[in-house]
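Enquirer: Structure here, sequence nowhere to be found:
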C-alpha cells in the first residue's frame, strides 16, 4: 500500500487519481503511525514552504518522514515535496526537514522571456540512471509549476536537470528517497510511467 502524505499542501487528490488509474493500491493519510507502517510513501505538494513545514510539524509528520526514511521505506517527493526535504528554503526563509543537505533557491532570471513561475511542459536531461527513470529518456517532457528550485549540496544526489534560463536540478535523491520537481501526476504517459516505476522500485 502506498500512502500519500496529507499535510494540506494540495495535489494529494491528483496523485491519488493517477495511482488509481494505474491500479496501484493507495490511501491519503496524515496519521504518523499509518505512514510508518506503509510499504511506500508519496510526499506531494503545492504551496508555500513555510506553511507546509508548519503543518508537518503540527501533525508530527516531520518526525514521521525522517523516521520513514531512516527505516528504508521508499519515498517519492513531488514538487514542494522535493524541496522541503532539503535543509533550508529561501521561500519564507524556512528551515526545512534536512533529510538531504542543500538549499532551495528562488529563480533569478534577468531575461524577460523567462517568466516566473516556471509553468508548463519542459524537457529534462537525465544525468544519472535510476530505476524510477526506467523506460524514460533524456528529452522526455514533464509538467512544471514552481518559482523555486532545489540545490543539493552533493552533486551525486542529482539525477536529472532542466533548462529554464539556467540549468537546475529536477530530480534528486539518496538511498530510498527520490524526489522530482515536476508534477509526475500531471505529466501524461511519462508521469504515469514514473509512478509505476516507483511502485516497483526496490532500493
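Expert: The structure has been received and is ready for your questions. Remember, predicted model here, so these are calculated numbers, not experimental data. Numbering: from 1, shown residues only.

Enquirer: sec struct for the nearest residue to residue 193 once chain neighbours are set aside, please.
Expert: Closest residue to residue 193 apart from its sequence neighbours, by Cβ to Cβ, 6 or more residues apart in numbering: residue 135 at 5.6 Å. In short, each C-beta sits where N, CA and C put it, glycine included. Of the three states, residue 135 takes coil under DSSP: H, G, I helix; E, B strand; the rest coil.

Enquirer: how close does residue 135 sit to residue 61?
Expert: Separation of residue 135 from residue 61 (Cβ to Cβ, to the nearest Å): 32 Å.

Enquirer: Residue 18 too?
Expert: Residue 18 is 21 Å from residue 61, by Cβ to Cβ.

Enquirer: Comparing residue 135 and residue 61, which shows the higher neighbour count?
Expert: Per other Cβ atoms under 10 Å, whichever of residue 135 and residue 61 has more neighbours is residue 61, with 24 against 10.

Enquirer: how about stretch 20-39: buried residues?
Expert: Of the residues in stretch 20-39, 24, 26, 29, 30, 31, 32, 35, 36, 38 count as buried by neighbour count, 16 or more other Cβ atoms under 10 Å.

Enquirer: doesn't residue 2 make contact with the third one?
Expert: It refers to residue 29. No. Using Cβ atoms under 8 Å, residue 29 is not in contact with residue 2, being 10.5 Å away.

Enquirer: Endpoints of stretch 182-192, how far apart?
Expert: Criterion Cα to Cα, to the nearest Å; first-to-last residue distance in stretch 182-192 is 13 Å.

Enquirer: and what of stretch 11-27?
Expert: First-to-last distance for stretch 11-27 - Cα to Cα - comes to 13 Å.

Enquirer: now swap in stretch 155-164 and tell me
Expert: The first and last residues of stretch 155-164 sit 19 Å apart, counting by Cα to Cα.

Enquirer: Relative to the whole chain's centre, how far out is it?
Expert: 13 Å (Cα atoms, centre = their mean, to the nearest Å).

Enquirer: cool, stretch 190-200 as well?
Expert: 13 Å.

Enquirer: which other residues reach it?
Expert: With Cβ atoms under 8 Å, 6 or more residues apart in numbering as the test, stretch 190-200 has contacts from 2, 15, 18-19, 21-22, 24, 40, 42, 74, 76, 131-136, 140-143, 178, 180, 182-185, 187.

Enquirer: Between all of the buried residues of stretch 20-39, which two are separated the most?
Expert: 24 and 32 (22.3 Å; Cβ to Cβ).

Enquirer: and residue 50, how many neighbours?
Expert: A count of nearby residues for residue 50, using other Cβ under 10 Å, gives 15.

Enquirer: Enumerate every residue touching it.
Expert: Counted by Cβ under 8 Å, 6+ apart, residue 50 has contacts 89, 91, 92, 93, 94.

Enquirer: Which of the helices or strands spans it?
Expert: In the assignment (DSSP states H and E), residue 50 maps to helix 49-58.

Enquirer: and the strand or helix carrying residue 103, what other elements does it pack with?
Expert: Using DSSP H and E, residue 103 falls within strand 102-106. Strand 102-106 makes packing contacts with strand 88-89, strand 148-152 when contacts are defined by 3 or more Cβ pairs under 8 Å, 6 or more residues apart in numbering; DSSP states H and E.
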